[in-house]
Structures are given as structure tokens and as C-alpha cells.
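>>> Compute the structure for the input listed below.
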Amino acid sequence: MSGPKGYDVELELQLQRERELAAQRRSWAATYESLVELRKEIRRDAVDFDVTVALSRAGFESARCENPSNADLDELARFQAAVEVVVSGARRARTDAHALRTRSVLAGRINSPASEANPSTRDVIPPLAERLAELLAEVPDTVRGPLTRQVAELGATDADGSSTSWLTLTRTITDAVRVSRDEELRARLARELESVIARIDGPTADDLRAQLAAAAGSTDVERLRPRLLAAVAAAERESERAHVVRSAIEVWRELGYVADADLVDLTLAGGSGLLTRDEWPDHALQIRLASDGLGLGTNVVALTETDPRRDLEVEEESCRDIRSFMRGLDARGLSTKLSRHKAAGELPVQRLRHRDSSPTTAIKAEQDAARREQN
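Numbering: from 1, shown residues only. Predicted structure coming up:
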């Protein structure tokens with residue numbers, strides 16, 4: 001059975017567990033980072049809210065949050081839910097603080113002249129202004145300041161609320177609140193998806209983060225969700241495939257084969273790669289990765305014109321490495337089964353028509369030539 005061979009490869013449960021824990025740890029870190037940012041916002045706004053205490057009440061002590069155990073990682077969903085509870089609590093505390101400050105500002109500006117004659121009116125503001133103060137507490141600082149001034153000016157001249165300007169101003173503030181609430185919803189959805197993106201790394205993760213950052217509102221984020229989840233799932237599958245190829249190349253190198261630096265990328269891209277041996281100056285072992293799974297295929301190829309008897313010898317020599325190769329993968333957590341094989345000499349050895357100083361470059365040229373012939 002020394003001719004072309006196929007191997008079915010699966011990640012063993014322990015390896016799957018290790019990879020999942022690593023992904024969960026990255027997601028946990030991304031979630032915890034949102035708490036770090038929340039603390040900064042609270043300090044900046046001088047809000048009386050303790051994130052650490054709030055998390056502790058939810059069952060997550062500070063040390064546990066910063067350095068979760070494997071058992072903690074299995075509670076990732078509960079940790080994320082607790083973080084959202086803390087974020088909501090901080091938002092309520094911030095809104096209450098802003099409402100008090102806004103009301104104080106309005107009372108000072110609306111009642112300044114009257115309070116000099118009657119100090120009891122100093123903290124009293126018109127009912128409409130009272131209601132708008134509550135709404136203004138929800139909008140960003142950049143919007144709250146100018147709108148608060150408008151409410152103060154109108155309250156000072158039309159305390160009984162008879163002017164239609166109150167209606168116009170109420171609409172403006174209500175619109176601002178609606179935008180602010182959507183931004184809060186968008187932020188919550190973005191935190192959730194950011195923790196999913198954190199499961200992967202590399203250019204795909206960077207691209208997904210850029211798409212998420214470009215999503216202007218909650219509707220845009222939700223529209224992005226299916227595509228993002230699919231992209232992360234595809235990246236994780238590709239990561240498994242890359243792990244199989246890298247592990248296989250490690251084993252082959254231990255068995256005396258030589259692999260070019262770009263062999264992993266070439267194989268993952270759907271091409272075939274070549275492994276050479278010093279004792280095979282005119283031959284190489286060609287490897288391929290299944291297009292839809294973790295299967296590997298191998299066959300001996302000739303790099304130049306060769307004697308069929310020598311082709312047969314090389315095929316026989318490659319056969320001696322089968323068991324060692326499978327044991328090497330098994331030691332790396334990859335269960336491997338020989339799923340198909342041909343006997344030595346049963347099929348003619350494939351001959352590459354393009355010889356180059358680099359065997360991998362040679363097979364690239366071979367593949368390019370084949371595509372040109374098909375076209």
C-alpha cells in the first residue's frame with residue numbers, strides 16, 4: 001500500500017477542549033475590557049458607582065474576573081450577563097447624577113432673579129422643565145449642555161408652559177434621547193459581538209471589528225450579526241485545518257522530510273505542497289488538504305524524468321513512515337485513520353513538468369500550467 005494515500009483526521013476531545021478554552025478566554029478578556037472602559041467613564045463623570053462591588057454582588061470577585069480558571073470560563077455566558085447587569089446599574093447611576101446636576105443648573109438659571117426676593121423659589125422649576133431635566137440626563141454631554149441652556153431660557157420667560165416653543169424643544173430633546181438610547185442598545189449588541197470576534201485573531205478578526213465599528217446604529221449591528229457569526233465560524237474551521245496541516249508538517253519534519261516555509265499557506269489555499277528528502281533528489285511527497293474537512297492526501301511525485309523502478313522504490317520507502325506519521329499526529333491530539341491507499345506501482349507516479357530550485361515553486365508552476373490548459 002505504498003502508492004497514493006488518504007488520511008481521515010479528527011481533533012480528539014482533549015484537544016477540542018483546549019482550543020475551546022483558549023477561545024473562551026479571549027472572549028472573557030474582551031468582556032472584561034468593557035468593564036475597564038466602564039470604570040474610566042464613571043471616574044470621568046464623577047458618578048458614585050463601584051463596579052467591583054456590583055460585580056461581587058453578582059458572584060464575580062475581582063480576582064476571578066481578572067484571571068478566570070477553566071471552570072470559570074465554562075460560566076462565560078453568566079459572566080457576560082453579570083457584566084450587562086453592572087453596565088445597566090452604572091448607566092442608571094450616571095443618569096440619576098446627570099438629572100440632579102441638570103435640575104440644579106436649570107433651577108439656578110431660571111430662578112436667579114426671583115430667588116433674590118424669595119429664596120424659597122430657588123430650587124423650584126416649572127413642571128415642563130422638570131420633565132425635560134429627566135430626559136436631558138440621558139443624552140450625551142455634548143448635547144445636554146446646549147439643550148439645557150435652551151430649557152433654562154424658555155423656563156425663565158414662559159414658566160407656565162403656554163409657548164409653543166416648549167413643544168418644539170420637547171421634540172428636539174425626545175429625538176436626542178431616542179438616539180442616545182439606540183446608541184446604548186448598539187453598544188450592548190456590539191459588546192456581545194466583540195466577545196464573539198475575540199474567539200479568533202488575524203486579518204479576519206480585524207476586518208470584522210472594522211465592520212462592527214462602522215455599524216452606525218443597533219439595526220445595522222443586528223443586520224451584521226448573521227454575516228459576522230458565519231465569518232467567525234468559518235475562521236474557526238480554517239484554524240482547525242491550519243492546525244492539522246502544521247501538525248502534519250511538524251511530524252514529517254521529525255521523520256526527515258523538508259518543507260518550504262510557505263507550505264502551510266499553499267496547502268490551506270487549496271493547492272498541493274511538496275516535502276522533500278535528501279535521499280530523494282528527484283522525488284518528493286506531495287500533500288493536499290481536503291477542501292471540506294480535515295482529511296489529508298499524499299502521493300509520491302517525480303521532479304524530473306526518472307526510472308520507473310526508482311519511482312517504485314521511493315513509493316515503498318514512503319510507506320515505512322505511515323505508522324510513525326500516524327503516531328506523531330495522535331501524540332498531538334489528532335486521531336488519524338488511513339482511509340484509502342493504492343499499492344506501489346498501481347498508478348504511474350505523477351511527474352512535474354516544471355523544475356525549479358524550490359519544489360513548492362515547481363508545483364505552483366505545475367498547477368498554473370494545468371489551469372491554463374483547462375482554459
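
>>> now the helices: where do they sit in the stretch 201-350 of the chain?
Along the stretch 201-350 of the chain, the stretches classed as helices by DSSP state H, counting those that start in this stretch are 203-214, 218-254, 263-268, 308-319, 322-331.

>>> want to try JSON lines for those, with distance to residue 13, mean pLDDT and mean neighbour count as columns?
The way it works is simple: take the backbone N, C-alpha and C, and place the C-beta from them, glycine included. What follows is those, written out as JSON lines (distance: least, C-beta to C-beta, whole Å; pLDDT from 0 to 100; neighbours: other C-beta atoms under 10 Å):
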{"stretch": "helix 203-214", "distance to residue 13": "26", "mean pLDDT": "96", "mean neighbour count": "14"}
{"stretch": "helix 218-254", "distance to residue 13": "14", "mean pLDDT": "95", "mean neighbour count": "17"}
{"stretch": "helix 263-268", "distance to residue 13": "24", "mean pLDDT": "84", "mean neighbour count": "19"}
{"stretch": "helix 308-319", "distance to residue 13": "30", "mean pLDDT": "89", "mean neighbour count": "17"}
{"stretch": "helix 322-331", "distance to residue 13": "13", "mean pLDDT": "93", "mean neighbour count": "15"}
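
>>> for those, which one sits closest to residue 29?
With C-beta to C-beta as the measure, helix 203-214 is the member of the helices of the stretch 201-350 of the chain nearest residue 29 (13.2 Å).

>>> Disregarding flanking residues, what is the spatial nearest neighbour of the spatially most central residue of the chain?
Central residue check for the chain by C-alpha atoms, centre = their mean: the C-alpha nearest the mean position is that of residue 197, 1.4 Å away. Across the structure, with C-beta to C-beta, 6 or more residues apart in numbering as the measure, the residue nearest residue 197 apart from its sequence neighbours is residue 208 (4.9 Å).

>>> CA atoms only for the host helix or strand of residue 133, dumped as PDB, please.
Taking DSSP states H and E as the criterion, the element that holds residue 133 is helix 127-136. Below are the C-alpha coordinates for helix 127-136, written out as PDB (Å, rounded to 0.1, in the frame of the first residue of the first chain):
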ATOM      1  CA  PRO A 127     -43.100  71.200  35.600                       C
ATOM      2  CA  LEU A 128     -42.200  71.000  31.900                       C
ATOM      3  CA  ALA A 129     -38.600  71.900  32.800                       C
ATOM      4  CA  GLU A 130     -38.600  69.300  35.500                       C
ATOM      5  CA  ARG A 131     -39.700  66.600  33.000                       C
ATOM      6  CA  LEU A 132     -37.200  67.800  30.400                       C
ATOM      7  CA  ALA A 133     -34.400  67.700  33.000                       C
ATOM      8  CA  GLU A 134     -35.100  64.000  33.400                       C
ATOM      9  CA  LEU A 135     -34.800  63.400  29.700                       C
ATOM     10  CA  LEU A 136     -31.700  65.600  29.400                       C
END
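
>>> other SSEs contacting that helix?
In this structure, helix 127-136 makes packing contacts with helix 76-117, helix 141-157, helix 165-197, judged by 3 or more C-beta pairs under 8 Å, 6 or more residues apart in numbering; DSSP states H and E.
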